[in-house]
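Asker: Just a sequence and a predicted model for now, questions to come.
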Amino acid sequence: MTPLDHAAGLPAWAAILVSVFLIIGAGLTVIGTIGFVRLPTFYERIHAPTLGTSWGTGGIVMASMIFFTVLATRPVVHEILIGIFVTVTTPVTLMLLARAALHRDRAEGNPDVPSEPPVPPSAAVQAEKA
Amino acid sequence: MSHTILFWSVTIAQFLLAAAMGLAVFRMFRGPRAQDRVLALDTLYVNSMLLLMVFGIRSGEVVYFEASLVIGMLGFVATVALAKFLMRGEVIE
């Protein structure tokens, strides 16, 4: 069996829609990863792969949903789970990673990162009381 | 006609995602610091998850969806644990 024989009954509009979403998703993912390789500092690099986790994942999830929905002639939306999961978890991981990198840079006394912000007076008073 | 369009777009998407995985592996070996390697591993996880979903479209089976869901969850946990390790020097305090 050659690949994609199961998709022989797919109408042309669905095939074009699926193809457009696939190319958008994969293209944005590869652009994000190229940026990840080329950008000079870590704090710039951390932004680039989010192209793949936002519209890269969104495009491929939508392509998969359209493909299986049209092929099965009933709504198939379980791929949305991956989209929701990636959307929720990416900010968490990247914030944690950026805080860890900032902590490491400050601990080494790296002059390229901003120093620890001064403690505001009200918080300092509360800290003394505690 | 629709078969040809779909075949070529799936093939191109697979090549692009494989190239993205190669670039992430390059950055993981290049470094220069630990946080770059952790971020490269996270990017590699996301790219392989997307590649498995494209495999699912190519083969028409639902198994690949489950595999990519598992990869996404394990990638999240692994990256959080590694970031915690970079911050504190231990994972569980």
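Answerer: Arrived safely, thanks for sending.

Asker: going forward, measure contacts and count neighbours with C-alpha atoms only.
Answerer: Will do.

Asker: Quick one: list the elements packing against whichever helix in chain B runs longest.
Answerer: Ordering each helix of chain B by length in residues (DSSP state H) puts helix B:2-30 first. In terms of contacts (3 or more CA pairs under 8 Å, 6 or more residues apart in numbering or on different chains; DSSP states H and E), helix B:2-30 is packed against helix A:12-38, helix B:34-59.

Asker: Return the set of buried residues in it.
Answerer: Taking 16 or more other CA atoms under 10 Å in any protein chain shown as the neighbour-count basis, helix B:2-30 is seen to contain the buried residues B:2-3, B:6-7, B:9-10, B:12-14, B:16-25, B:27-28.

Asker: Stretch A:73-88 now?
Answerer: For stretch A:73-88, the buried set under the neighbour-count rule, 16+ other CA under 10 Å, comprises A:76, A:79, A:82-83, A:86-87.

Asker: again with stretch A:86-96
Answerer: Within stretch A:86-96, the residues scored as buried using 16+ other CA under 10 Å are A:86-87, A:89-90, A:93-94, A:96.

Asker: Next, the contact list for residue B:43, please.
Answerer: Going by CA atoms under 8 Å, 6 or more residues apart in numbering or on different chains, residue B:43 touches A:33, A:49, B:21, B:24.

Asker: What pLDDT is listed against it?
Answerer: At residue B:43, the pLDDT value in this model is 93.

Asker: Dihedrals phi and psi, residue A:77?
Answerer: Its backbone dihedrals place residue A:77 at phi -120, psi 20, with angles given as degrees, to the nearest 10.

Asker: list the contacts for it?
Answerer: Contact analysis of residue A:77 by CA under 8 Å, 6+ apart lists A:65, A:69.

Asker: cutoff 6 Å now
Answerer: Contact partners of residue A:77, counting by CA atoms under 6 Å, 6 or more residues apart in numbering or on different chains, are residue A:65.

Asker: where in chain B is pLDDT low?
Answerer: Residues of chain B that meet the criterion pLDDT under 70 lie in B:92-93.

Asker: where exactly do the helices run in chain A?
Answerer: According to DSSP H, chain A carries its helices in the segments A:12-38, A:42-45, A:50-51, A:57-72, A:80-107, A:121-129.

Asker: Now render those as JSON lines, adding mean pLDDT.
Answerer: What follows is those, written out as JSON lines (pLDDT from 0 to 100):
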{"stretch": "helix A:12-38", "mean pLDDT": "92"}
{"stretch": "helix A:42-45", "mean pLDDT": "89"}
{"stretch": "helix A:50-51", "mean pLDDT": "90"}
{"stretch": "helix A:57-72", "mean pLDDT": "90"}
{"stretch": "helix A:80-107", "mean pLDDT": "90"}
{"stretch": "helix A:121-129", "mean pLDDT": "68"}
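
Asker: if we can go back for a sec, of all the helices and strands packed on helix B:2-30, which lies closest to residue A:114?
Answerer: For residue A:114, the closest of the helices and strands packed on helix B:2-30 is helix B:34-59, at 17.9 Å, according to CA to CA.

Asker: Buried residues of the closest one, list them for me.
Answerer: Applying a neighbour-count criterion of 16+ other CA under 10 Å, the buried positions in helix B:34-59 are B:35-59.

Asker: Just want the angle from the helix or strand following it to helix A:57-72.
Answerer: Using DSSP states H and E, the helix or strand that follows helix B:34-59 towards the C-terminus is helix B:63-88. The directions of helix B:63-88 and helix A:57-72 differ by 160 degrees, with axes from the mean of the first three to the mean of the last three CA atoms, to 10 degrees as the criterion.
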